[in-house]
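Enquirer: my questions are about this predicted structure, shown below with the sequence.
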Amino acid sequence: MSKIKARKGAPYARILGVGGYRPVRVVPNEVILEKIDSSDEWIRSRSGIETRHWANDEETVAAMSVEASGKAIADAGIAAEQIGAVVVSTVSHFSQTPAIATEIADRLGTDKAAAFDISAGCAGFGYGLTLAKGMIVEGSAEYVLVIGVERLSDLTDLEDRATAFLFGDGAGAVVVGPAQEPHIGPTVWGSEGDKSETIKQTVPWNEFRLGDVSKLPVDSEGNVKFPAITQEGQAVFRWAVFEMAKVAQQALDAAGITADDLDVFIPHQANVRIIDSMVKTLKLPEHVTVARDVRTTGNTSAASIPLAMERLLATGEAKSGDTALVIGFGAGLVYAATVVTLP
Ligand SMILES: CC(C)(COP(=O)(O)OP(=O)(O)OC[C@H]1O[C@@H](n2cnc3c(N)ncnc32)[C@H](O)[C@@H]1OP(=O)(O)O)[C@@H](O)C(=O)NCCC(=O)NCCS
């Protein structure tokens, strides 16, 4: 017989508050066209993207996270000291160690909250949310701050036609806390590592450091390029359209609801055509509000779902208490979908 005593937290968890931060600089497609042979019309029709935000030197991963988190904490009506854990999902924090989460936890004024980073690409928000729910129900934290934050402009090759127009910067955060009823449904998640080559960094850091110029990509002026995110657009597009609609449906089934019960759909903001195709496959009724924040935010990876959530609530397109399906998918390949009650 085990001698270990277990701990019990709240019966369930829910999102209590959300906040976002978008960098000041708005970048229209015209700026992207300075470096690639394309057109505003092509970018809009193929991706839906009209503008994105790019961070300046002061808008660091930590600074954007602190801004977004401050709003989420205020929205939740709690104090920073009550937060027991800070989970940061990002692929664009440039120090291998320590995690950026500890600095953010400190700057927010938490009381030595547990803090760590996770790397789950564009599914990062769903992964963080799932961890938060587990911590709250297990009792290792009463309130958990989940942040999705990216400065993808640092990892974008502006001469790459396939990706130059896609990515943006920003931070989104939610506070997750105790609940008496289930307000975060079961997560349907997974990975397909056999497709890991479809979205990846052009050159691993160690090869970049070794600096064998003959093997490193160079720009139009012959300078070695900084590593960037590259992807096989069509392969990822097909995977997202065919496989992710199934995962989204599984999340609805796991939560015991149908598309008719939904108020809001917040998929990862990668491409309006992917979003529209999922809406069709899932047969979402007209009354469901669909997030298409990608148009003015671009693809902000882990930040895209909380940023879109915050905007829908701020504009009144969605309201507190609405039932929303969220699904993230991307590099790994990884995915995570769940049904939540909006804060
Ligand atoms: C990137 C993406 C918008 C490209 O759209 P697409 O319709 O797949 O475009 P393709 O790569 O098939 O290219 C179609 C044509 O446009 C051309 N093209 C490619 N990039 C172009 C650009 N920036 N501007 C103009 N033309 C371009 C291609 O050369 C090709 O021309 P061809 O038909 O003469 O050969 C799309 O693939 C996509 O959104 N993929 C998924 C991205 C995603 O979801 N990522 C999420 C993970 S985080």
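Expert: Sure, I can see it.
Enquirer: got the residues of the stretch 201-343 of the chain near the ligand?
Expert: Residues of the stretch 201-343 of the chain lying near the ligand by Cβ under 6 Å from any ligand atom: 231, 233, 234, 236, 237, 240, 270, 271, 274, 299, 330. (C-beta placed from N, C-alpha, C; glycine too.)
Enquirer: excluding residues flanking it in the chain, which one is nearest the first one?
Expert: It stands for residue 231. residue 199 (4.3 Å; Cβ to Cβ, 6 or more residues apart in numbering).
Enquirer: for that neighbour, grab the count of nearby residues.
Expert: Residue 199 is flanked by 22 other residues according to other Cβ atoms under 10 Å.
Enquirer: same question, residue 8
Expert: 8.
Enquirer: how about it, what does it touch?
Expert: Residue 8 sits next to 138, 139 when contact means Cβ atoms under 8 Å, 6 or more residues apart in numbering.
Enquirer: chain center to stretch 10-24: distance?
Expert: Distance of stretch 10-24 from the chain centroid (Cα atoms, centre = their mean, to the nearest Å) equals 12 Å.
Enquirer: name the residues that touch stretch 173-183?
Expert: 9-20, 65, 68-69, 71-73, 75-76, 78, 83, 129, 132-133, 136, 142-148, 184, 306, 309, 340-341, 343.
Enquirer: which of the residues in it are buried?
Expert: 173, 174, 175, 176, 177, 178, 179, 182, 183 (16 or more other Cβ atoms under 10 Å).
Enquirer: gap between the residue nearest to residue 231 and the ligand?
Expert: 6 Å (Cβ to the nearest ligand atom, to the nearest Å).
Enquirer: and the buried residues of stretch 173-183, which of them are in strands?
Expert: Per DSSP state E, strands hold the following members of the buried residues of stretch 173-183: 173, 174, 175, 176, 177, 178, 179.
Enquirer: list the residues that contact the closest residue to the ligand within the stretch 151-300 of the chain.
Expert: Closest residue of the stretch 151-300 of the chain to the ligand, Cβ to the nearest ligand atom: residue 233 (2.8 Å). If you count contacts by Cβ under 8 Å, 6+ apart, residue 233 has them with 162, 163.
Enquirer: renumber starting at 29 from here on
Expert: Fine by me, first position is 29 from now on; the one you just mentioned is residue 261.
Enquirer: sorry, back to before: which of the residues of the stretch 229-371 of the chain next to the ligand sits closest to residue 290?
Expert: For these, the residue nearest residue 290 by Cβ to Cβ is residue 302; the value is 18.1 Å.
Enquirer: send the alpha carbons of the helix or strand containing the closest one over as PDB?
Expert: Taking DSSP states H and E as the criterion, residue 302 maps to helix 300-309. C-alpha atoms of helix 300-309 as PDB (Å, rounded to 0.1, in the frame of the first residue of the first chain):
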ATOM      1  CA  VAL A 300      -8.600  32.300 -43.600                       C
ATOM      2  CA  ARG A 301      -9.100  29.600 -46.200                       C
ATOM      3  CA  ILE A 302      -8.200  26.900 -43.600                       C
ATOM      4  CA  ILE A 303     -10.700  28.500 -41.100                       C
ATOM      5  CA  ASP A 304     -13.500  28.700 -43.800                       C
ATOM      6  CA  SER A 305     -12.900  25.100 -44.800                       C
ATOM      7  CA  MET A 306     -13.100  23.900 -41.200                       C
ATOM      8  CA  VAL A 307     -16.300  25.900 -40.700                       C
ATOM      9  CA  LYS A 308     -17.800  24.100 -43.700                       C
ATOM     10  CA  THR A 309     -16.600  20.600 -42.700                       C
END
